[in-house]
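J.: Got a predicted structure here, sequence first:
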Amino acid sequence: MQKNAQHYIMRAIELAKLGHGHAEPNPMVGCVIVNDSGEIVSEGYHECYGEAHAEVNALKMAGEQAKGATAFVTLEPCNHQGKTPPCAVALIKAGICKVVIGSIDPHQLSTGGVKTLQDAGIKVEILDDNDCNKLLAPFTKRVTTGLPWVICKWAQTTDGSTITPEGDSPWISCKESISRVHEERGCVDGILVGANTVIQDNPTLTARGQSPPRMPIRIVLDPTLRSPVNANVFNDDATTVLVHESLQDASSYPCETIPADMTNGLIDLETILRTLADTYDVTNLIIEGGAVTITRFLDASLVDELWVFKSPNESNCRSYINMNDLIARHSAECVVERPSGVDTELRYSVNF
Ligand SMILES: NC(=O)c1ccc[n+]([C@@H]2O[C@H](COP(=O)([O-])OP(=O)(O)OC[C@H]3O[C@@H](n4cnc5c(N)ncnc54)[C@H](OP(=O)(O)O)[C@@H]3O)[C@@H](O)[C@H]2O)c1
């Protein structure tokens, strides 16, 4: 029985997400091929950057069953010869009769798939689907603005503190939250922290989940080079980029460096984000603190999402920055709330 387009697009979104951490800097894309009777005859997704696109994987699985079928794809089929041939042409050659598209491709280079399909006499339906647009958001931001998608992540007590009364933070979260963070780290391109976090917590900032798809680069904002050269973040486990004031000599640090100009004592964060995208191919960036650095990115309107792990404990210490107030001040909208061990994981969307 034929179901509505939304049903098949939702399945294509589920498939697309399987590529998270592998597909980037390409977008995550999923595709299902459905016959006249409404049966899904094949499925595919973009499994890995540089490899076959979702449509090609689905067409391969469909074989002869693609003739006369409908393809539901989360993103407009590409129209250019890149690392793989154009998907619009592959759909035409396979005999697909209709293509339902979740989002139009924001990339100047690959858009045009709709026209190619229509010129070949194929029916095209464009949904402009909210969930497909969300799936595509980091890719859209990067290709339209040159900036990475920025997620601020922190652990806090119920009363909004990122530090415990003893003045430390690493153990605010329960072990389930910590392991969830390691899984997420393994799907992004970069993790950024401020100098105080390096000095006070000495974090390693690596992805230590199960078979992480990628190892993010580590970025430290330390204008006056206060971080110890033997801090864990400078070990060989991953690439590290130290951002410092251009007048400082960072040659003793065993890592890559970005000398930055300062304005009113601050590094321009937008310029740094642009450099991370252009030079280090960063599409998804997590800012892991501390509160000063997170506040500066939020105040500069450079943040897209907040991921908060809220412990059930109170800190009862007067944190210099209260994260509950910070969330309220930026009118962040809570889009996910779920348990994470004894903690609560909250995700907010930030719309400036
Ligand atoms: N609960 C959590 O999730 C979590 C996570 C991380 C850290 N923490 C805790 O938070 C504390 C450290 O956080 P914090 O808020 O004090 O500091 P922080 O954010 O780690 O570091 C702040 C410093 O980073 C540099 N920086 C940040 N943005 C800059 C900019 N735009 N331009 C120039 N420099 C910039 C500055 O260094 P200069 O001062 O040298 O200019 C600034 O003082 C520690 O106690 C740590 O345990 C908690």
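T.: Sure, I can see it. Numbers count the residues shown, from 1 in each chain.

J.: Might you list the low-confidence residue ranges for the stretch 101-250 of the chain?
T.: 165-170 (pLDDT under 70).

J.: So which bits of it are right by the ligand?
T.: With the criterion set to C-beta under 6 Å from any ligand atom, the stretch 101-250 of the chain comes near the ligand through 154-155, 162-163, 168-169, 172, 193-197, 200-201, 221, 223-224, 226. All C-beta atoms are positioned from the backbone trio N, CA, C, and that covers glycine.

J.: what about residue 178, neighbour count?
T.: Residue 178 is flanked by 18 other residues according to other C-beta atoms under 10 Å.

J.: Please enumerate the strands of the stretch 51-200 of the chain.
T.: 70-75, 98-103, 123-126, 149-156, 190-194 (DSSP state E, counting those that start in this stretch).

J.: distance of the residue of the stretch 101-250 of the chain found nearest the ligand from residue 13?
T.: Of all residues in the stretch 101-250 of the chain, the one sitting closest to the ligand is residue 194 (2.3 Å; C-beta to the nearest ligand atom). Distance of residue 194 to residue 13, computed by C-beta to C-beta, to the nearest Å: 35 Å.

J.: sorry, back to before: now, of the residues of the stretch 101-250 of the chain next to the ligand, which are buried?
T.: 154-155, 162-163, 169, 172, 193-197, 201, 221, 223 (16 or more other C-beta atoms under 10 Å).

J.: want to throw the residues you listed into CSV with distance to residue 74?
T.: Formatted as CSV, those follow (distance: C-beta to C-beta, whole Å):
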residue, distance to residue 74
154, 31
155, 32
162, 36
163, 41
169, 38
172, 36
193, 33
194, 36
195, 40
196, 41
197, 36
201, 39
221, 35
223, 42
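
J.: Looking at the strands of the stretch 51-200 of the chain, which is nearest to residue 62?
T.: Proximity to residue 62 (C-beta to C-beta) singles out strand 70-75 among the strands of the stretch 51-200 of the chain, at 8.9 Å.

J.: any residues touching that closest one, and which ones?
T.: Applying C-beta atoms under 8 Å, 6 or more residues apart in numbering, the contact partners of strand 70-75 are 5, 8-9, 11-13, 16, 27-34, 54-55, 58, 91, 96-103, 105, 129, 132, 135-136.

J.: and these, which of them are in helices?
T.: Counted as lying in helices by DSSP state H, out of the contacts of strand 70-75, are 5, 8-9, 11-13, 16, 54-55, 58, 91, 132, 135-136.

J.: before we move on, the earlier item: name the stretch among the strands of the stretch 51-200 of the chain that sits most buried.
T.: strand 70-75 (a mean of 29; mean count of other C-beta atoms under 10 Å).

J.: thinking again about what came up before, which two in the buried ones among the residues of the stretch 101-250 of the chain next to the ligand are spaced the farthest apart?
T.: Farthest pair in these (C-beta to C-beta) is 172 and 223. Separation: 26.9 Å.

J.: now residue 67: how far from the ligand?
T.: Taking C-beta to the nearest ligand atom, to the nearest Å as the measure, residue 67 and the ligand are separated by 54 Å.

J.: Near that residue, how many other residues are there?
T.: Other residues within reach of residue 67, judged by other C-beta under 10 Å, total 12.

J.: cool, and residue 272?
T.: For residue 272, the count of nearby residues is 19 (other C-beta under 10 Å).

J.: just checking, it touches residue 258?
T.: Yes. Between residue 272 and residue 258 there is a contact at 6.8 Å, judged by C-beta atoms under 8 Å.

J.: Common neighbours of those two, please.
T.: Common neighbours of residue 272 and residue 258 (C-beta under 8 Å, 6+ apart) are residue 243.

J.: just to revisit the earlier point, list the contacts of the residue of the stretch 101-250 of the chain closest to the ligand.
T.: Counted by C-beta under 8 Å, 6+ apart, residue 194 has contacts 220, 221, 222, 289, 290, 292, 293.

J.: do residue 27 as well
T.: Contacts of residue 27 by C-beta under 8 Å, 6+ apart are 46, 75, 135, 136, 139.

J.: what about the closest residue to the last one other than its chain neighbours, distance to the ligand?
T.: Once its chain neighbours are removed from consideration, residue 139 has its nearest residue in residue 27; the separation is 3.9 Å (C-beta to C-beta, 6 or more residues apart in numbering). Here the criterion is C-beta to the nearest ligand atom. By it, residue 27 lies 29 Å from the ligand.

J.: check contacts around the closest residue to residue 51 other than its chain neighbours.
T.: Excluding the flanking residues, the one nearest residue 51 by C-beta to C-beta, 6+ apart is residue 84, at 7.4 Å. By C-beta under 8 Å, 6+ apart, the residues touching residue 84 are 51, 52, 53, 56.

J.: And residue 324, how far from the ligand?
T.: Distance from residue 324 to the ligand, by C-beta to the nearest ligand atom: 13 Å.

J.: from memory residue 242 sits against residue 250, does it?
T.: Yes. Contact criterion C-beta under 8 Å: residue 242 and residue 250 qualify, at 5.8 Å.

J.: Pull the most distant pair out of the ones in helices among the contacts of strand 70-75.
T.: Most distant of the ones in helices among the contacts of strand 70-75, by C-beta to C-beta, are 91 and 135, 20.1 Å apart.

J.: Those two: who's more crowded?
T.: residue 91 (29 against 24).

J.: What residues are bridge-paired with the residue nearest the centre of the chain?
T.: Nearest to the mean C-alpha position of the chain, by C-alpha atoms, centre = their mean, lies residue 284 at 3.8 Å. Listed by DSSP bridges, the beta-bridge partners for residue 284 are residue 149.
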